[in-house]
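[1] One predicted model, sequence on top.
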There are 2 protein chains.
Amino acid sequence: MTYCVAMRLRNGLAFAADTRTNAGVDNIATFRKVWTLERTGERVLVLLSAGNLAISQAVISELEEDIKVADDARSSLMTVTSMFHAARLVGEAIRKVRHIDGPALEASGGFATSMILGGQIGTEEPRLFQLYAEGNFIEATEDTPYLQIGEHKYGKPILDRIADTDMRLGDAATLMLLSFDSTLRSNLSVGMPIDLVLYRGDTLSLTLERRIDQNDPYFLALSEAWSTALRDVFGHLDPFDMAGAERPPEAPSKGSSVR
Amino acid sequence: MTYCVAMRLRNGLAFAADTRTNAGVDNIATFRKVWTLERTGERVLVLLSAGNLAISQAVISELEEDIKVADDARSSLMTVTSMFHAARLVGEAIRKVRHIDGPALEASGGFATSMILGGQIGTEEPRLFQLYAEGNFIEATEDTPYLQIGEHKYGKPILDRIADTDMRLGDAATLMLLSFDSTLRSNLSVGMPIDLVLYRGDTLSLTLERRIDQNDPYFLALSEAWSTALRDVFGHLDPFDMAGAERPPEAPSKGSSVR
């Protein structure tokens, strides 16, 4: 499995992806799921992938082939003039791979892939998209500042509580790492290291790329501080009212049920 | 969908279940998913169910039939002398319903059900089991003080951080409500009210049964206090180190990727 999350902020984009791929818990490997494309001053694109690794790699290879052979007749991620068209190209690459590998995969679990594409091209504002196995896609708006793919449920509550379009880029990094911390604690199929990519809007150059492994001092301190603070907060919550709890069995409470 | 959670504590058992059933988001209804059985001074049993409501209700009807007709030749939840045998009976009821309805259901999504059974019979210690659609089951141990069925992922991280066998019964109730709060915020298919059942060990009588609806003052205050505290804690975490973030594109950082 995989967990990837990305945020569309007023002042930029933030991306994080784990690096675990597994075919059963006894067959685990580390693969980078973040693919970045950059021509400083002109365009920055970041692609995160979840699902079948063979599919993700085939899609990226298709996109790279297009970049190599691109001419006036055929556009590529290096030539398109908007993020919308970039998303279209990634969707087309997914459909091309599906056309080739889909039938064989349908026999065994189906064609499973999902991707997040974010970036900025020229004077257009930074944009963030989520692509489906069908090759179609949605775009993140101010209402939903984040997108997730893969094993997303464990890390969603913290995002729902704190994610905000106005966050600073560094705070978004912290939030995404906490979302990962929750996921890592609860699910074996998501594993360190985490690849983190930050992009400050209108710089047209990647702001930060960092691989955070299990020994990363900031992540360790963050994880510990968060857990400790949560337990501390929990300890100070108003206690549940057990008053009138002892009900005579002859007089079942309103919530009582079939006997 | 459904979310149910139960805890096995040193001093008792705690149960919570939502009440939403839905066939698509446009067809939502409220059904109690907690079934309690009690003979004060002798036995207390609590059954939580997730999955296909028709299956859950059929299983419970089977168990009630057995109670009505039980004789020396045929045991029921009211006559078994251990929670292990009680779990066996529930498993047998699941298999009986599967034998009847399974084939028809396999055609449309399969036979989906899971249950949590907890309680205490006579002098045996309180025990907690999770039953599968196959009718087999596992028991909660000190290592895993809680069991979940249904839409369990959103509410798991908070349990993993705080759940503890030595918790007081009231604190377990608070923790389970927070686990529900996280789930409710992130998933439409789980809905209020929440049915809460607490059992203090060796009392052989249900300690508390309460239905908590969306206007419950304690739940509202708890939810608000928790969210506020989390945002406050987040605001006081050490900021992510953006130092050296501005890397020259000519010198990609270690985490850099295919270009």
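    Here it is on my side, so go on. Residues are numbered from 1 along each chain as shown, chains lettered A, B, ... in the order given.

[2] in chain A, which spans are helices?
    In chain A, the helices defined using DSSP state H lie at A:53-69, A:83-106, A:156-162, A:169-186, A:217-235.

[3] For those helices, give me CSV that also has mean pLDDT, mean neighbour count and distance to chain B.
    C-betas here are computed from N, CA, C, even on glycine. CSV is the format used below for the helices of chain A (pLDDT from 0 to 100; neighbours: other C-beta atoms under 10 Å in any protein chain shown; distance: least, C-beta to the nearest C-beta, whole Å):
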stretch, mean pLDDT, mean neighbour count, distance to chain B
helix A:53-69, 91, 17, 7
helix A:83-106, 93, 18, 15
helix A:156-162, 92, 21, 4
helix A:169-186, 93, 24, 4
helix A:217-235, 94, 15, 4
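
[4] closest one to B:F15 among those?
    The closest of these to B:F15 is helix A:217-235. By C-beta to C-beta, the value is 19.6 Å.

[5] okay, the closest one in PDB with CA atoms only?
    The C-alpha trace of helix A:217-235 is given here as PDB (Å, rounded to 0.1, in the frame of the first residue of the first chain):
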ATOM      1  CA  PRO A 217      15.500  14.100  14.600                       C
ATOM      2  CA  TYR A 218      12.600  16.500  13.700                       C
ATOM      3  CA  PHE A 219      10.200  13.700  12.900                       C
ATOM      4  CA  LEU A 220      11.100  11.800  16.000                       C
ATOM      5  CA  ALA A 221      10.700  14.900  18.200                       C
ATOM      6  CA  LEU A 222       7.500  15.800  16.500                       C
ATOM      7  CA  SER A 223       6.000  12.400  16.800                       C
ATOM      8  CA  GLU A 224       6.900  12.200  20.500                       C
ATOM      9  CA  ALA A 225       5.700  15.800  21.200                       C
ATOM     10  CA  TRP A 226       2.400  15.200  19.500                       C
ATOM     11  CA  SER A 227       1.700  11.900  21.300                       C
ATOM     12  CA  THR A 228       2.700  13.300  24.700                       C
ATOM     13  CA  ALA A 229       0.500  16.400  24.100                       C
ATOM     14  CA  LEU A 230      -2.500  14.400  23.000                       C
ATOM     15  CA  ARG A 231      -2.300  12.200  26.100                       C
ATOM     16  CA  ASP A 232      -1.900  15.300  28.200                       C
ATOM     17  CA  VAL A 233      -4.900  17.000  26.600                       C
ATOM     18  CA  PHE A 234      -6.900  13.800  27.100                       C
ATOM     19  CA  GLY A 235      -6.000  13.700  30.800                       C
END
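
[6] Does anything pack onto that helix? Which helices or strands?
    Under the contact criterion of 3 or more C-beta pairs under 8 Å, 6 or more residues apart in numbering or on different chains; DSSP states H and E, helix A:217-235 touches helix A:169-186, helix B:156-162, helix B:169-186, helix B:217-235.

[7] let's go with 6 Å and repeat that
    If you count contacts as 3 or more C-beta pairs under 6 Å, 6 or more residues apart in numbering or on different chains; DSSP states H and E, helix A:217-235 packs onto helix A:169-186, helix B:156-162.

[8] Can you tell me what sits against the first one?
    Applying C-beta atoms under 6 Å, 6 or more residues apart in numbering or on different chains, the set of residues contacting helix A:169-186 from outside is A:3, A:5, A:7, A:9, A:12, A:14, A:16, A:154-155, A:158-159, A:162, A:190, A:194, A:198, A:219, A:222-223, A:226, B:156-157, B:160, B:237, B:239-240, B:242.

[9] Likewise for stretch A:122-142?
    The contact list for stretch A:122-142 (C-beta under 6 Å, 6+ apart) reads A:6, A:8, A:13, A:82-83, A:87, A:90-91, A:94-95, A:111, A:113-118, A:120, A:147, A:165, A:201.

[10] Tell me where the stretch 1-150 of chain A has strands.
    Under the criterion DSSP state E, counting those that start in this stretch, the stretch 1-150 of chain A contains strands at A:3-9, A:12-17, A:20-22, A:28-30, A:34-39, A:43-51, A:113-121, A:127-131, A:137-139, A:146-150.

[11] what pairs with the second one, and is each one parallel or antiparallel?
    Meaning strand A:12-17. The pairing partners recorded for strand A:12-17 under DSSP bridges are strand A:3-9 (antiparallel), strand A:194-200 (antiparallel).

[12] Could you count how many residues lie near A:G41?
    Using other C-beta atoms under 10 Å in any protein chain shown, A:G41 is surrounded by 11 other residues.

[13] Give me the spatial nearest neighbour of it, chain neighbours excluded.
    Leaving aside its chain neighbours, A:G41 sits nearest to A:L204 (5.1 Å; criterion: C-beta to C-beta, 6 or more residues apart in numbering or on different chains).

[14] In this structure that neighbour contacts A:L45, no?
    No: in this structure, A:L204 is not within contact of A:L45 by C-beta atoms under 6 Å, at 10.9 Å.

[15] how close does the closest residue to chain B within the stretch 1-150 of chain A sit to A:T203?
    Of all residues in the stretch 1-150 of chain A, the one sitting closest to chain B is A:T40 (4.6 Å; C-beta to the nearest C-beta). Distance check for A:T40 against A:T203: by C-beta to C-beta, to the nearest Å, it reads 9 Å.
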